[in-house]
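> Attaching a predicted model along with its sequence, questions to come.
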Amino acid sequence: MSMKTEHYDVIRKPIITEKTTMASEYGAVVFEVAIDANKPQIKEAVEGLFGVKVKAVNTTITKGKTKRFRGQLGKRKDVKKAYVTLEEGNTIDVTTGL
């Protein structure tokens, strides 16, 4: 398994919402990451994939909601988000797509 595949296993997709757009003004980018990924892995993956210097990584786990699907009770998956702060002068444009 190549390094690039492992990086894509860690980082699922960028999250683009009003809140993350506001965070991007302060040099932060938000990604959905694998639930078992740790901060050093996330830092390495972002630096490897985008060629930028990462200053800090903050993570949060959002518990999946219980919802009804066709009358059956179901549960959405838990999601881990990583707020990646970049060093001065580094940027990632996630709006163009990966």
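Looks like it arrived, so ask away. If you're wondering where the values come from, they're calculated on a predicted model, not measured in any experiment. Numbering: from 1, shown residues only.

> how about the helices of this protein, start to end?
3-10, 18-24, 39-50 (DSSP state H).

> List the buried residues in the first one.
Neighbour-count burial for helix 3-10, with 16 or more other CB atoms under 10 Å as criterion, is recorded at 7, 10. C-betas here are computed from N, CA, C, even on glycine.

> Just want the angle from that helix to helix 39-50.
120 degrees (axes from the mean of the first three to the mean of the last three CA atoms, to 10 degrees).

> helices or strands next to helix 3-10 in the packing?
Contact here means 3 or more CB pairs under 8 Å, 6 or more residues apart in numbering; DSSP states H and E; on that basis helix 3-10 packs against helix 39-50.

> Off-centre distance for the helix it packs on?
10 Å (CA atoms, centre = their mean, to the nearest Å).

> Also stretch 60-69?
Counting by CA atoms, centre = their mean, stretch 60-69 comes out at 17 Å from the chain centroid.

> what do you get for stretch 72-92?
3 Å.

> Renumber starting at 754 from here on
All right, first residue 754 from here; so that's stretch 825-845.

> For that stretch, measure first residue to last.
41 Å (CA to CA, to the nearest Å).

> Stretch 797-808 now?
Taking CA to CA as the measure, stretch 797-808 stretches 11 Å from start to finish.

> Count the residues that sit near residue 844.
11 (other CB atoms under 10 Å).

> Am I right that it is in contact with residue 805?
Yes: with contact defined as CB atoms under 8 Å, residue 844 counts as touching residue 805 (7.5 Å).

> What residues does residue 821 make contact with?
Residues near residue 821 by CB atoms under 8 Å, 6 or more residues apart in numbering: residue 827.
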